[in-house]
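**Q** I need the structure of the sequence given here:
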Amino acid sequence: MPDTPPHVKVNVQEVRTRNLAAREIVANLSAAMPSIEDLWLRLYAALADVPALVSEITRLASVLAKVRRDRANLVAAGRATLKAERDAEPDPLYYLRDELRAQGHLPPDAWGRS
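**A** Numbers count the residues shown, from 1 in each chain. All right, here's what the predicted structure looks like:
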């Protein structure tokens, strides 16, 4: 069974656009209703957090994509290693060592290749 968790899709561009619209609305309403300035300041502060959250979502999505790619490559290397062992290849662990080196988990080989 493949490891395919459900993905939450967040359209970060749409979130940014709605955030800007909400900030404009708060700015206009605060100008029209200055008597509740404290409320507008609290709303504006909450809306000001959104750009940082969008940046964090974008960063984490990038990290997650790399982790998934690395994991898939390790699974492929593991499968290739098992097949090489079944086929009696002289160095079946080559595939696994090669991928571990490529991901930086092993030092470069004797010829300086990473």
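
**Q** which one in the protein is furthest away from the centre?
**A** What lies farthest from the middle of the chain is Ser35; by Cα atoms, centre = their mean that is 43.1 Å.

**Q** in the helix or strand hosting Leu60, what counts as buried?
**A** Secondary structure assignment for Leu60, by DSSP states H and E: helix 50-86. By neighbour count with 16 or more other Cβ atoms under 10 Å, helix 50-86 contains the buried residues 50, 54, 74, 77, 80-81, 84. C-beta: built from backbone N, CA, C; applies to glycine.

**Q** same question for stretch 22-29.
**A** For stretch 22-29, burial by neighbour count (16+ other Cβ under 10 Å) applies to Val26.

**Q** average model confidence for that stretch?
**A** Mean pLDDT, stretch 22-29: 94.

**Q** next: stretch 75-89.
**A** Mean predicted confidence for stretch 75-89 is 98.

**Q** returning to that earlier point: give me the pLDDT for the residue farthest from the centre of the chain.
**A** 95.

**Q** can you pull up the most central residue in this protein?
**A** The residue lying closest to the centre of the chain (Cα atoms, centre = their mean) is Ala61, at 2.1 Å.

**Q** measure it to Ala76 for me?
**A** Counting by Cβ to Cβ, to the nearest Å, the separation of Ala61 from Ala76 is 23 Å.
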